[in-house]
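> missing the sequence, but the structure's below:
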């Protein structure tokens, strides 16, 4: 029975809490949030204790793992404290917004031999996983081009946007940068990116990019395209396409039902699932299972801090490219 | 160069005339129609001569083939006159509405050694043909069930309906009865059918069935379902499904374009093609090519008068079943 | 907290047990099975008690509901005992194989004011439900034709087949007969059915029908077709099509992933989900939720014993038709 | 009756010749080719005269239009001679490979008031046209992102590749650059491109790029991605996706039939149509019709020499970007 301390009761916290509660080999023991009302409510729902003091929870020897889903800028400090407290760590992406800070964390995590997992949940989606398996099985041979469409139905609230400029790279495309690395088992060596502000000033008051395209070059020669938007009015658009010498694989969008409506105006199907909570519901469940089982089996969790650092590095290079107008080389 | 006498300038006559005109090895020489205005207009369009007197056209030794697309009740007499005049015959389905009359025709056609083809054009549709080929290749093994949806977007005009009661069997499902025989290379031995009048009195003043379902049993044991309607408001619905011991084949509906529209209300595609003129455009072209080439090569045309008789027999049995409420055995 | 006594640890019992366990407002308290090994194992897994003696469990005042998933011939007796013990009842379909026996049960259930639910789980499938909602919203207007394909990937074991002759109607199509009643809010008044034995003697030693087609006539005039097979080698084929004056609705098959593979041989997608456990996983969860909430809210469960009787009546009429070769009227 | 002089009997010449022959208002009168065998053969097939001397054909006063489908480097000279001879011109893309040479041509064409059409046939494809119409109707509002996949099943022969380095931009993507301008009614102001050689030395001995990705920025702010390959083993992959503030439009790939095969390994559909001859058969027919009708109606043909120049300008900028590694501004 792995007991969890969940840090961050907002946004995706309740989803993780419910997934923990649904497992027979895990339990939510602590909820930590500075907003004590939110923390209390979530803790009460799952029979856990709430606190605003992370150290109080970390001192509890029953706690085996810390699940971090606070805003990105707080991740590094929490990681370091949890690692020093000897807890296994499941941290939502991005690890941090600053590469140097991530390097610090990495040192602490390594020195403390902390089991660590970054929450790139898309790797656990059954459709994307089937595409991964097909690539590993050599179905398309050497990959030559990847095209990822990664579009959100809405922009984040203004304060969230203000706290993470160029979030289209750091918060959204960072998933795709991770997927590219995972799918190709290769590293990007260059990125070119362009952005635009398409939303109006009311929706996007900070004029942070809400539309972006990137082209990556992989060490092995493959070319990659990623595009993102913060207003896919038709739903959460999540497609991956891998093209290689022997064929093409496509992981398509998902719909809530299999209903088709035929009338004189044409054939209509359901809109796409609305957002990540719906689209990736199963991937979050599978990701948690993998983490819990890894800790139980004393094996390293699947997505490393180095994976987190690499994806962040691409995001930073993409921002630099978008600002400068030039392609940017990505170091190792 | 095969010269055609087209009998019947209405409805599907112009389509056949245009297909003849588009071939370099065929020519439309005569158009025969009692309605001299319609006949003249069609003849003029293709540089042919028009007449209301079939015999005048049949006396022309340049005419090698007669294409009959008049109303069904006139087919038999025209077939016999054309056969006795030594012309090859392409006759639209049904051969006639009366089995005894068809038997008479068959005798004349046989005695005169007339090349004869019945216009079951659906056999020439590329999608249905691909399904046929897959069955012949053994892809689904022994056929066990067939399901055919055969739905028109509208009912025929009242006088047309009055001239052919139970046209849903004699005019529409007769195509499906032929498809079933062709696809399975087997004969139906029993049919059960049910009909309904769903259109209102204005649309269907004669209260002739506008909706029908049939279940057939084949000599080889396979079960077959056919359904038809005269008001598929979403377009001409033409699907065939063949289920066997090794799998299933589906010939899907066709759409005019490959456009998908995604918005908050869902995903929309084009309506189906409107009716047989659009849906089976290519099959009519291919069918004519097959007939012209058969005549040129002195081989028998592909769809025999016996094929026409068999399909008619099933239509008659379906009508009898619908009237009596009992399943009806089909003779040989 | 509704405490359940589950009767029948085989087949679908473990699925219901797991769904009960996953709810925070329900608990599995007893597992009753004559096969004590199976009963013990399932009980142990969920922290319940096992017994071979139904009355022992029924005497437990903590038990609020009995979930019956034993073989069909045992349902009636269990229903009557549970009803007399004052428990709410969730009974898998069919209620029984004998209409007179169902009438007896109905009397007991009515006299004891027992909350009763028949497990026609397909009503809870999100895709079928969306089709139902669209019909209720009048999207296709008056229904004119329904086509249901209901095909299993395999035949049941020989002893199961022996215990329920014509299971293709009593066990499989009975779901479709229920769906038709539910979707149309109308009653069938006539059925015609045909069957075949397509499997070989090794797979189907009792030569019980493994392939069937039926045509139903509804009181309101609509025509319905249902087809079933026990060897859909491509997976569990579950499609519903509703055709009406304003259009058509289709509830399509489901696939496990959204992966498309493109190569020189064509475009390939996943096979269908294998069987009902996978295909209807969510419908079982939703059905249980509805039952638990109905009991908690003191409202009548959604699918009545009369629903169970009606569907059984159609199944019996279909068998009679298949045996006699004649259409059979269905009483009220 | 518009009489054509076709220049270039190879490759796409026979397709244009057949399309001319199929029209009742056009005739193929001359075929000009230095390879007299190819020219003679094509001329004979359509009852035209053949010559290796362009001027001989241009002197024929009956000739109203010249259709140029020779290799790109010969286009400019032929255009100028045809324009000076007073013939209407239909010229396959690209107009030339050199922008200065295109400017010269443009002057001659303007000075001679020559009706001129560039063969960007994709504008006439019914699916792409439906997407265009939907954009013009405002269905997606302001365009924000376009994604075009434009992949050939094979690389051109080595001598063809040698004659047109970076053909992936000049010969293939040039179509997409034109589509982008046409669909958005906007001009690209910047392009970034990356290429790769993925084919082996035997297939691609000149090591000319066979794989490419580009990102364009439009004057109006929209971002555009185009990707191309010369080895789509699964067929000719031609997709366009337009994303805007109100939704998304997709013009999908086309398949030869509507057959679906279901078996234990999954669901299979036909491969895509093989190459442009099959995929764009209808667009070539419609394009020719538009040109013939424009000449007959004394209106300017639809796709201007300026359209040809603009697309070439983007191709050149893409090549410059691919060579330099920097984004390249596109002049006006």
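On my side now, so go ahead. All figures in this text were calculated on a predicted structure; none of them were measured in a lab.
> all helices for the stretch 101-250 of chain A, in order.
For the stretch 101-250 of chain A, applying DSSP state H, counting those that start in this stretch gives helices covering A:126-136, A:158-163, A:167, A:174-184.
> For chain C, which of these is the nearest?
Closest to chain C of the helices of the stretch 101-250 of chain A, according to C-beta to the nearest C-beta: helix A:126-136, at 4.2 Å. Every C-beta, even on glycine, is put in place using the N, C-alpha and C of the backbone.
> that older thread, out of the helices of the stretch 101-250 of chain A, deepest packed?
Stretch with highest mean neighbour count among the helices of the stretch 101-250 of chain A: helix A:167 (a mean of 26; mean count of other C-beta atoms under 10 Å in any protein chain shown).
> ok so, going back, and the helices of the stretch 101-250 of chain A: which comes nearest residue C:269?
Nearest to residue C:269, of all the helices of the stretch 101-250 of chain A, is helix A:126-136, at 10.5 Å by C-beta to C-beta.
> Give me the contact status of the closest one with chain C.
Yes. Helix A:126-136 reaches chain C (C-beta under 8 Å from any C-beta of the partner chain) through A:126, A:127, A:129, A:130, A:131, A:134.
> sorry, back to before: weakest of the helices of the stretch 101-250 of chain A in terms of mean pLDDT?
Mean pLDDT is lowest for helix A:158-163 among the helices of the stretch 101-250 of chain A, at a mean of 94.
> ok, and what's touching it?
The contact list for helix A:158-163 (C-beta atoms under 8 Å, 6 or more residues apart in numbering or on different chains) reads A:71, A:72, A:73, A:155, A:167, A:204, A:205, A:206, A:208.
> Residue A:332: helix or strand, and which one exactly?
Using DSSP states H and E, residue A:332 is not contained in any helix or strand.
> Tell me who's in contact with it.
Applying C-beta under 8 Å, 6+ apart, we find residue A:332 in contact with residue A:187.
> Okay, it and chain B: tell me how far apart.
Note on residue A:332: its distance to chain B, by C-beta to the nearest C-beta, to the nearest Å, is 39 Å.
> For the residue nearest to the spatial centre of chain A, give me its contacts.
Most central in chain A under C-alpha atoms, centre = their mean is residue A:120, positioned 3.9 Å from the mean C-alpha point. By C-beta under 8 Å, 6+ apart, the contact list for residue A:120 reads A:93, A:175, A:178, A:179, A:182, A:303, A:307, A:308, A:311.
> Now distance to chain B too, for those, in CSV please.
Formatted as CSV, the contacts of residue A:120 follow (distance: C-beta to the nearest C-beta, whole Å):
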residue, distance to chain B
A:93, 27
A:175, 21
A:178, 26
A:179, 22
A:182, 27
A:303, 31
A:307, 32
A:308, 33
A:311, 28
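> Now the residue nearest to the centre of chain A: closest residue in space that isn't a chain neighbour?
Excluding its sequence neighbours, the residue lying closest to residue A:120 (C-beta to C-beta, 6 or more residues apart in numbering or on different chains) is residue A:178, at 4.4 Å.
> Thought residue A:311 was touching the one you found, still the case?
Yes. With contact defined as C-beta atoms under 8 Å, residue A:178 counts as touching residue A:311 (4.3 Å).
> Which neighbours do the two have in common?
A:93, A:120.
> Scan chain A for its longest helix.
Counting residues, the longest helix in chain A under DSSP state H turns out to be helix A:305-324.
> pLDDT weak spots in the stretch 151-300 of chain A?
Applying pLDDT under 70 to the stretch 151-300 of chain A flags no residue at all.
> Point me to the residue of the stretch 101-250 of chain A nearest chain C.
residue A:247 (3.6 Å).
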